[in-house]
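Enquirer: need a structure here:
(one chain, ligands or ions: 2)
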Amino acid sequence: MSADGASGHLIEAKEVPRPDVQRGYIEIFEQLCKGCDLCIPACPVRIIEPGRGANMMGWRPVVVEADLMKYCIGCNLCAMVCPDQAIEVFRFDEPVPHEELP
Ligand code: SF4
Ligand code: SF4
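Expert: Ligands and ions are numbered 1, 2, ... in the order given. Alright, predicted model coming up:
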């Protein structure tokens, strides 16, 4: 058990500095994810969260809420730690300020 005693994450998501530009986004392949949650603490901006529903295998795939994806920096760390290749990362050529997002 970790410092927060519950989530297993050493740093609470609300304590993590987040950029005001978006540099990329991720796609989570729900049917490949086994809900191991390794990607959650790997994300420097803590936008990946435990899933709520089950996939066809009965696992609980992680999610990124739509309003949090704008903080993605496209660092690829989530995909690197995933043992099941369940995440693909897309990186923008140029960072996009949040106020310019559609
Ligand atoms: S690419 Fe980086 S910032 Fe984006 S979700 Fe993955 S770990 Fe987080
Ligand atoms: S590391 Fe991969 S398999 Fe594990 S929860 Fe994240 S996306 Fe799912």
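Enquirer: Stretch 74-82: how far from the chain's middle?
Expert: 9 Å (C-alpha atoms, centre = their mean, to the nearest Å).
Enquirer: Repeat that for stretch 74-92.
Expert: Taking mean C-alpha positions (C-alpha atoms, centre = their mean), stretch 74-92 and its chain are 9 Å apart.
Enquirer: Rounded mean pLDDT for it, please.
Expert: Average pLDDT, stretch 74-92: 98.
Enquirer: Residues in contact with it: which ones?
Expert: Applying C-beta atoms under 8 Å, 6 or more residues apart in numbering, the external contacts of stretch 74-92 come out as 22-30, 32-34, 36, 38-39, 42-44, 48, 61. Every residue, glycine included, has its C-beta placed from N, CA and C.
Enquirer: contacting residues around G51?
Expert: Taking C-beta under 8 Å, 6+ apart as the test, what G51 contacts is 33, 35, 60-63.
Enquirer: Mind picking the two most distant members of these?
Expert: G35 and V63 (10.5 Å; C-beta to C-beta).
Enquirer: Could you identify the longest strand within this structure?
Expert: Ranked by residue count, the top strand of the chain under DSSP state E comes out as strand 87-97.
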